[in-house]
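Chemist: structure for the following, please:
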Amino acid sequence: MAGESSVNFNLLHRTCKLVVLLCFLHMSVTVIFYVRSLDIRFSFALYQQSQSQAGFTTKANSKENATTNSKNQEQEGPATSPQQNLSLKPAESGGTPQKKLEKCPETSPLLVGPLRVEFNIPVSLEEVQKSNPNLQPGGRFQPKDCVALQKVAIIIPFRNRAEHLKYWLYYLHPILQRQQLDYGVYIINQNGDDIFNRAKLLNVGYMEALKDYDYECFVFSDVDLIPMDDRNIYKCFSQPRHLSVAMDKFGFKLPYYQYFGGVSSMSKEQYLKINGFPNNYWGWGGEDDDIFNRLSSKGMSISRPSGEVGKCRMIRHERDKKNDPNPQRFDRIAHTRETMHTDGINSLSYKVVNKEVEPLYTKITVDVGKP
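Modeler: Now for the predicted structure:
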């Protein structure tokens, strides 16, 4: 019995020592956390105090600078432009300045690649407008989350092609938005029933678009051509760009090397370097080859996407009335180098009959005269 009591006493003694040790450890941890919390509160108080003093100093300096600037302006006159004053207003009224957007990436992350293009489904302008809620009047668009790399005017020569235009708008507006372009669509409608002049209408589109916005790139597109891949970017490059390189009409092949018809793009500098497009090609054909000759004569070469990316479909149709083949086209093409400096944007004459700013495009009806 004495042995059992001795064992129990030793066990109780050890247990008590363990409890005391745990209590001491708990108290130590509590004291440490308490001291640290005091340090944090003290540091926070110092930070608040320093911020308050900094704010007071900034306000004092602002007042002093404002007084100094006011005196300088009285002596020297206003030193800022209206645009500068406008940019300062949010800060003066206590508003938070908007975060500056970064430039859009070189390759848009929104692109999907090959597209299915069909013309056997009915399309309405109301449907197109409803499915493109971010468009601005005149068919204008700017990316919301970045600054577009180029400002692009899409120029479409036009007459009596309302059904084709519906399909063009239906397919192209989503494509152009995914390409993250700052763009506007201009339908240049030839007034009257005289012989059609595609190249002259393109010159008119260039002139009229620049009245609206400081575009730096111009895409010239027929209304019946739809790209089959959104990686075929409707923008400008270091060389003039031929975009419709593989049309279904030609078996998805380039018909000949000099071909520059359908859809093409030029920067403002490239366009002006060749004096724009010829104004004297009345009727079908010839103006594309004339433009190619102009570019070649100025030492420029044609850039193109790959045959796969550059695929496009044409809406089948009968040739327009008053757009018969131009019998003089071959003779004119042979003399491009002699005529290009006097026939082009510097000799353009036309009269605007009407301008309509629609939700999906800007339509400008013009009188371009007669042959």
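
Chemist: what's the closest non-adjacent residue to Lys253?
Modeler: Ala246 (6.4 Å; C-beta to C-beta, 6 or more residues apart in numbering). No exception for glycine: its C-beta is placed from N, CA and C like everyone else's.

Chemist: next, that neighbour: phi, psi?
Modeler: Taking degrees, to the nearest 10, you get phi -140, psi 80 for the backbone angles of Ala246.

Chemist: tell me where the stretch 201-350 of the chain has helices.
Modeler: 268-273, 287-297, 329-334, 336-339 (DSSP state H, counting those that start in this stretch).

Chemist: alpha carbons only: can I get the longest one in PDB?
Modeler: Spelled out, that is helix 287-297. Written as PDB, here are the backbone C-alpha positions of helix 287-297 (Å, rounded to 0.1, in the frame of the first residue of the first chain):
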ATOM      1  CA  GLU A 287      -8.900  51.100-111.400                       C
ATOM      2  CA  ASP A 288      -7.300  48.300-109.200                       C
ATOM      3  CA  ASP A 289      -4.500  47.800-111.700                       C
ATOM      4  CA  ASP A 290      -4.000  51.500-112.000                       C
ATOM      5  CA  ILE A 291      -3.600  51.700-108.200                       C
ATOM      6  CA  PHE A 292      -1.100  48.800-108.200                       C
ATOM      7  CA  ASN A 293       0.900  50.700-110.900                       C
ATOM      8  CA  ARG A 294       0.800  53.800-108.700                       C
ATOM      9  CA  LEU A 295       2.100  52.000-105.700                       C
ATOM     10  CA  SER A 296       4.900  50.200-107.700                       C
ATOM     11  CA  SER A 297       6.000  53.500-109.300                       C
END
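
Chemist: got the buried residues for that helix?
Modeler: Glu287, Asp288, Asp289, Asp290, Ile291, Phe292, Asn293, Arg294, Leu295 (16 or more other C-beta atoms under 10 Å).

Chemist: average pLDDT for that helix, rounded please.
Modeler: Averaging pLDDT along helix 287-297 gives 95.

Chemist: so what secondary structure elements neighbour it?
Modeler: The elements that helix 287-297 packs onto, with contact taken as 3 or more C-beta pairs under 8 Å, 6 or more residues apart in numbering; DSSP states H and E, are helix 198-212, helix 329-334, helix 336-339.

Chemist: name the stretch among the ones you listed that sits most buried.
Modeler: For the helices and strands packed on helix 287-297, ranked by mean neighbour count under the definition mean count of other C-beta atoms under 10 Å, the leader is helix 198-212 at a mean of 21.

Chemist: what packs against that helix?
Modeler: Identification of packing neighbours for helix 198-212 by 3+ C-beta pairs under 8 Å, 6+ apart yields strand 151-158, strand 182-190, strand 217-221, helix 287-297, strand 362-367.

Chemist: roughly how far is it from the heart of the chain?
Modeler: Centre-to-centre, helix 198-212 and its host chain are 20 Å apart (C-alpha atoms, centre = their mean, to the nearest Å).
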